[in-house]
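> return a 3D structure for these sequence lines:
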Amino acid sequence: MAWRAFERARRQVPAYSHFLTEQGYVASRHGSLAEQLASIPATDKNNYVRIFSTAERCVGGRIPAEQVIVDESSGSTGLPYNWVRSRAEVQYTRGVCSYFLRHALSGEPLFVINAFSMGAWATGITMSAALEQNGIVKSTGPDVEKILHTLRFFGPHYQYLITGYPPFLKHLLDFADAQGFDWTGYRLVAMVGGEGMSECLRAYLLGRFDKVLSGYGASDLEIGVAAESDLSICIRRLMEQRADVRYALLGDEQRAPMLFQYNPLDHYIETNADSELIVTINRPLLSPRIRYNIKDEGGIISFEQMHAQLQSVGVDMQTLLPKGATRPHLPFVYVFGRRDSTLSYMGANIYPEDVEAGLLSDHDVASRLGAFCMELVEDSNTGEVHPCIHVEVTEGLPSAELAQVLQQLVRNKLYELSADFRQAMREDHSAGELRIELHIAGQGPFAQMSQRIKRRYIIQRP
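Here you go, the predicted structure:
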């Protein structure tokens, strides 16, 4: 199916045909079909999307005058982009999202509160339309007061599904608790997406939600490329708890990535030499995505491989879940996140997910915190560079004592999760000198982030 998608794009899309010629691609019938696909040059935002116009990247070299939906990326890596999709492909994606949630949440009717950003943003408008098939839908966007008003107005008579970015749902719970919201009788489940989520954050959310599931996708591709299942969550937790499980699945990697399952009939996923995910959407699209490199670091594991590798360390995948629970017989894709979303210090890469896990590892402290971001700062006297983690304090005032507690929590978590960080500290203890700067809510670097759709975790100063 991926090969047919490639052939369609080569015949029908002017930009893609031109791209292959410029890349010097010559078709070869040697080797397996997978090897032939791997020989096709990968596309990405720099070598394809920015080079050719939107119309040139469409079938027939034009944007049809009707039955087309345009959405916009969040601009998390810079300039927001517009993406065109046919009504048929949008309807298909909506159906997939609806089916997944019906399956994952046992089919009970839902009252959906869609807290993803609305307007032209891809996730918000698609989720809103998709979930109409699953129950009642109210799209509030990320407005905590509207969400709490909705919960009070309709009362605890429904099972509520709240969708949104992971940090926003934490903010929602913290705001509600600060307002004295009475959660008695409410049944809540959550569907998050748009960025990674640590198990510490999931545990925090599970203080109020019965279940928290994450989906994987991107505006460059589509939402719903993959999704968490009870099985994938259980395996990810095992990777965090047991070094032998993590080694069996990932080798020497110390981090526990997000782990999803995906439908290979819809998406053909490969990895390149840099462990970046290469995705082909197998269905006919208005603007085809053939071997598109989203720049996410990760890998794939077949269902059979997962079963065998877990069994090699004494874990029976069939007994991980309660009897009667579903175990989707689908391949797994693991995702660490964008390769460029890290700070490099003393030979160690510091990942936002690991910092988040540290900040949220003490729930009493976590309830006082809002957003965070990171940068490398230079000491004007010595010229030395150190990581600086900016943290928003939403309850109480910033203090030296709180900064010291957070520094210790983050340092301990990085030491636990990152072999590079451990090695750096063994070689030079000053590698653990992380600077924590606390800010009143909405001030400092967070003053410029209040209008952003997604959080920006890495600050790049001139």
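> residue 141 touches residue 115, doesn't it?
Yes: judged on CB atoms under 8 Å, residue 141 makes contact with residue 115 at a distance of 6.5 Å. For glycine as for every other residue, the C-beta is placed from the backbone atoms N, C-alpha and C.
> neighbour-wise, which of these two wins?
residue 115 (26 against 17; other CB atoms under 10 Å).
> tell me, how many residues neighbour the residue lying closest to that one once chain neighbours are set aside?
Among residues not flanking residue 115 along the chain, residue 164 sits closest, at 3.5 Å (CB to CB, 6 or more residues apart in numbering). Counted by other CB under 10 Å, the residues lying close to residue 164 total 27.
> next one: residue 396
9.
> now the helix or strand containing residue 349: average pLDDT?
According to DSSP states H and E, residue 349 maps onto strand 348-350. Averaged across strand 348-350, pLDDT comes to 74.
> equivalent analysis for stretch 159-177, please.
So the average pLDDT for stretch 159-177 ends up being 90.
> list the buried residues in it.
159-176 (16 or more other CB atoms under 10 Å).
> and stretch 389-405, by the same measure?
Buried residues in stretch 389-405, defined by neighbour count with 16+ other CB under 10 Å: 389, 390, 391, 392, 393, 394, 398, 402, 403.
> adding secondary structure, pLDDT and distance to residue 342, write the residues you listed out as a markdown table.
Below are these laid out as a markdown table (DSSP: H, G, I helix; E, B strand; the rest coil; pLDDT from 0 to 100; distance: CB to CB, whole Å):
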| residue | secondary structure | pLDDT | distance to residue 342 |
| --- | --- | --- | --- |
| 389 | strand | 93 | 13 |
| 390 | strand | 94 | 16 |
| 391 | strand | 94 | 18 |
| 392 | strand | 93 | 21 |
| 393 | strand | 94 | 25 |
| 394 | coil | 90 | 26 |
| 398 | coil | 92 | 26 |
| 402 | helix | 94 | 25 |
| 403 | helix | 93 | 23 |
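> quick check, nearest of those to residue 239?
Of all those, residue 389 has the smallest distance to residue 239: 24.7 Å, by CB to CB.
> ranges for the helices of the stretch 251-400 of the chain?
Secondary structure of the stretch 251-400 of the chain (DSSP state H, counting those that start in this stretch): helices at 303-311, 352-359, 363-366, 400-417.
> do the stretch 1-150 of the chain as well
Using DSSP H, counting those that start in this stretch, the helices found in the stretch 1-150 of the chain span residues 2-12, 14-22, 33-38, 87-104, 122-130, 144-154.
> which elements pack onto the shortest one?
Judged by 3 or more CB pairs under 8 Å, 6 or more residues apart in numbering; DSSP states H and E, helix 33-38 is in contact with helix 2-12, strand 267-271.
> highest average neighbour count across these?
A comparison of the helices and strands packed on helix 33-38 by mean neighbour count, using mean count of other CB atoms under 10 Å, puts strand 267-271 on top with a mean of 19.
> what packs against it?
Counting by 3+ CB pairs under 8 Å, 6+ apart, strand 267-271 packs on helix 33-38, strand 276-281, strand 292-301.
> from those, which stretch is densest packed?
Burial of the helices and strands packed on strand 267-271 is given as mean neighbour count (mean count of other CB under 10 Å); strand 276-281 ranks first at a mean of 23.
> so that strand versus strand 292-301, what angle?
Orientation of strand 276-281 against strand 292-301 (axes from the mean of the first three to the mean of the last three CA atoms, to 10 degrees) gives an angle of 110 degrees.
> so strand 276-281 versus helix 2-12, what angle?
Here the directions of strand 276-281 and helix 2-12 differ by 70 degrees (the same axes, to 10 degrees).
> hmm, who's touching strand 276-281?
Under the contact criterion CB atoms under 8 Å, 6 or more residues apart in numbering, strand 276-281 has outside partners 2, 5-6, 37, 42, 221-222, 225, 266-272, 288-300, 333, 335, 339.
> quick one: that strand to chain centroid distance?
Chain-centre distance of strand 276-281: 15 Å, with CA atoms, centre = their mean, to the nearest Å.
> contact partners for the residue positioned nearest the centre of the chain?
In the chain, the centroid-proximal residue (CA atoms, centre = their mean) is residue 195; its distance is 3.0 Å. Residues near residue 195 by CB under 8 Å, 6+ apart: 165, 166, 167, 337, 454, 455.
> who does residue 338 form a beta bridge with?
Here residue 338 sits in beta bridges with residue 296, going by DSSP bridges.
> and for it, the neighbour number?
There are 21 residues near residue 338, going by other CB under 10 Å.
> test my guess that it contacts residue 293.
No: when contacts are counted by CB under 8 Å, residue 338 is not listed as touching residue 293 (11.4 Å).
> torsion angles phi and psi at residue 443?
Main-chain torsions, residue 443, degrees, to the nearest 10: phi -110, psi 180.
> separation between it and residue 377?
18 Å (CB to CB, to the nearest Å).
> okay, the two: which has more neighbours?
Neighbours were counted for residue 443 and for residue 377 using other CB under 10 Å; residue 377 has more, 15 against 11.
> separation between that one and residue 199?
29 Å.
> and residue 379, what's its pLDDT?
Looking at residue 379, its pLDDT is 67.
> residue contacts, residue 414?
348, 350, 354, 355, 358, 421, 434.
> which residues does the last one contact?
Just to be clear, that refers to residue 434. So residue 434 contacts 386, 387, 388, 389, 407, 410, 411, 414 (CB under 8 Å, 6+ apart).
> quick one: it from residue 399, how far?
Distance from residue 434 to residue 399, by CB to CB: 17 Å.
> and the residue nearest to residue 260 when sequence neighbours are not counted, backbone torsions?
Leaving out its chain neighbours, the residue that sits closest to residue 260 by CB to CB, 6+ apart is residue 226, at 3.5 Å. The phi/psi pair for residue 226 (degrees, to the nearest 10) reads phi -150, psi 170.
> now do the same contact list for residue 226.
For residue 226, the contacting residues are 215, 216, 217, 260, 261, 262, 267, 333, by CB under 8 Å, 6+ apart.
> do that again at 10 Å, thanks
Residues in contact with residue 226, defined by CB atoms under 10 Å, 6 or more residues apart in numbering, are 100, 214-217, 232, 258-263, 266-267, 269, 277, 279, 300, 330-335.
> how much space separates it from residue 290?
In terms of CB to CB, residue 226 sits 18 Å off from residue 290.
> for residue 372, same thing?
Applying CB to CB to residue 372 and residue 290 gives a distance of 37 Å.
> my read: the residue nearest to residue 115 touches residue 212, true?
No: using CB atoms under 10 Å, residue 164 is not in contact with residue 212, being 11.0 Å away.
> what sits in contact with each of the two?
Taking CB under 10 Å, 6+ apart as the contact rule, residue 164 and residue 212 both touch 190, 191, 192.
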